[in-house]
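# Got a predicted structure here, sequence first:
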Amino acid sequence: MTKPAPGPDQPPIPVRLVTFNTHHGVGDDERHDLPRLAKVLASVDADIICLQEVDRRFGARSEDVDQALLLSRALDMQLAWGPAIDRGPAARHPADEPSRQYGNALLSRLPILISDVHRLPGTGEPRSALRTMVELDGAALWVTATHLTTRSADERAAQVQALADLHTESMETGVLVGDFNTAPDAPELDVLRQRFTDAWTLARARDDQAGWKFWQTEAGNTHPARSPHRRIDQVWVSSGVSVAGASVLDAEGASDHLPVVVDLEIRSGV
């Protein structure tokens, strides 16, 4: 049976997406508290959750737990995993035990059809991009989650070029999300701006945690969590995606960042 061509009468498909640098589950009180983090994430009622700085049996700082697996179970969501660091089993453990890993995780209520991991160029701490495709009713959405370097603008520019190259012309509905460690108008993101639009500026409604700081109202700042003045956690969308709303949420002390929530509208039939 041939699928009908999309028309103006076909409404867009709503998808709620969250991006959140979790600081490996350690809050601004210096406590590792995964249930606290899970509670914050559950309150958002999201379809897709993109997380950075996630540990999988990485060490004492996160109590040697598999954070990605535990969060996916707690929220009853599918898991895609994109390690940036893989150190192998701890020396005191048998060689056949799982690796100690750190990187990006994607949790989804929607079926994950494709998931692959791409190393990004640069020196210092390894960086990667987790690219997934999720199934929608009558469409598909490509989601690439990442965490860029803090080392230099030149290295971030090279990483952004690699990210842009992952999104081909056939991928009409796509989002690129994560901790970019720079402002959305930074020169090193120029390649990104040529192909994607900043979801915060595109959103028809915006809300953040500026509070009494009226000069920062709707600025979308996410870091540091206690007194945010940097908008480094971002969502970028392709031409097949519009944005009904965007907000920065109170993380209840669960991380040194604040989570960004976007209500996306995905063009159907693509």
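Here it is on my side, so go on.
# In the longest helix belonging to the chain, which residues are buried?
In the chain, with assignment by DSSP state H, the single longest helix is helix 153-165. Residues of helix 153-165 classed as buried: 155-160, 162-164 (neighbour count, 16 or more other CB atoms under 10 Å). No exception for glycine: its C-beta is placed from N, CA and C like everyone else's.
# Stretch 99-110 now?
Of all the residues in stretch 99-110, those buried under the rule 16+ other CB under 10 Å are 100-110.
# and the residues you listed, which of them are in strands?
Among the buried residues of stretch 99-110, the residues falling in strands (DSSP state E) are 101-108.
# Pick the one among those residues closest to residue 85.
residue 102 (4.3 Å; CB to CB).
# rewinding a little: is it possible to get CSV of the buried residues of helix 153-165 that adds distance to residue 126 and pLDDT?
Shown next, in CSV, are the buried residues of helix 153-165 (distance: CB to CB, whole Å; pLDDT from 0 to 100):
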residue, distance to residue 126, pLDDT
155, 12, 98
156, 14, 98
157, 18, 98
158, 14, 98
159, 11, 98
160, 17, 98
162, 13, 97
163, 15, 97
164, 20, 94
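# Could you work out the most separated pair of the residues you listed?
Maximum pairwise distance in the buried residues of helix 153-165, criterion CB to CB, is 15.2 Å, between 155 and 164.
# angle of the helix or strand following the longest helix of the chain against strand 101-108?
Next helix or strand after helix 153-165 toward the C-terminus (DSSP states H and E): strand 174-179. Angle of strand 174-179 versus strand 101-108, following axes from the mean of the first three to the mean of the last three CA atoms, to 10 degrees, is 140 degrees.
# Outside of strand 174-179 itself, list whatever touches it.
If you take CB atoms under 8 Å, 6 or more residues apart in numbering as the criterion, strand 174-179 is touched by 17, 19, 21, 50, 52-53, 104, 141-148, 163, 167, 192, 196, 199, 232-238, 240-241, 257, 264.
# Can you flag which of those belong to strands?
Judged by DSSP E, the contacts of strand 174-179 include 17, 19, 21, 50, 52-53, 104, 141-147, 233-237, 241, 264 as members of strands.
# Buried subset of those residues as a ChimeraX selection?
Buried residues among the ones in strands among the contacts of strand 174-179 (16+ other CB under 10 Å), as a ChimeraX selection:
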select :17,19,21,50,52,53,104,141,142,143,144,145,146,147,233,234,235,236,237,241,264
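# what's the closest residue to residue 39 other than its chain neighbours sitting at in phi/psi?
Take residue 39 and drop its neighbours on the chain: the residue closest to it by CB to CB, 6 or more residues apart in numbering is residue 252, 7.5 Å away. Recorded main-chain torsions at residue 252 are phi 50, psi 30, according to degrees, to the nearest 10.
# how close does residue 252 get to residue 218?
Relative to residue 218, residue 252 is positioned 21 Å away (CB to CB, to the nearest Å).
# Residue 53 now?
Using CB to CB, one gets 26 Å for the distance from residue 53 to residue 218.
# cool, residue 68 as well?
Counting by CB to CB, the gap from residue 68 to residue 218 is 32 Å.
# Looking at the two, which one has more neighbours?
Ranked by neighbour count (other CB atoms under 10 Å), residue 68 and residue 218 place residue 68 first, with 24 against 15.
# What residues of the one helix or strand that one maps to count as buried?
If you go by DSSP H and E, residue 68 is part of helix 67-75. By neighbour count on 16+ other CB under 10 Å, the buried set for helix 67-75 is 67-68, 70-72, 74-75.
# go on, stretch 56-64?
So stretch 56-64, judged by 16+ other CB under 10 Å, has buried residues 56-58, 62.
# quick one, what contacts residue 99?
Counting by CB under 8 Å, 6+ apart, residue 99 touches 56-57, 83, 86-89.
# Now, of these, which are buried?
By 16+ other CB under 10 Å, the contacts of residue 99 give 56-57, 83 as buried.
# one step back: so which residues make contact with the helix or strand just after the helix holding residue 68?
Using DSSP H and E, the helix or strand that follows helix 67-75 in sequence is strand 78-86. Residues from elsewhere that reach strand 78-86 (CB under 8 Å, 6+ apart): 56, 58, 68-69, 72, 99-112, 115, 117, 125-130, 132, 145, 147.
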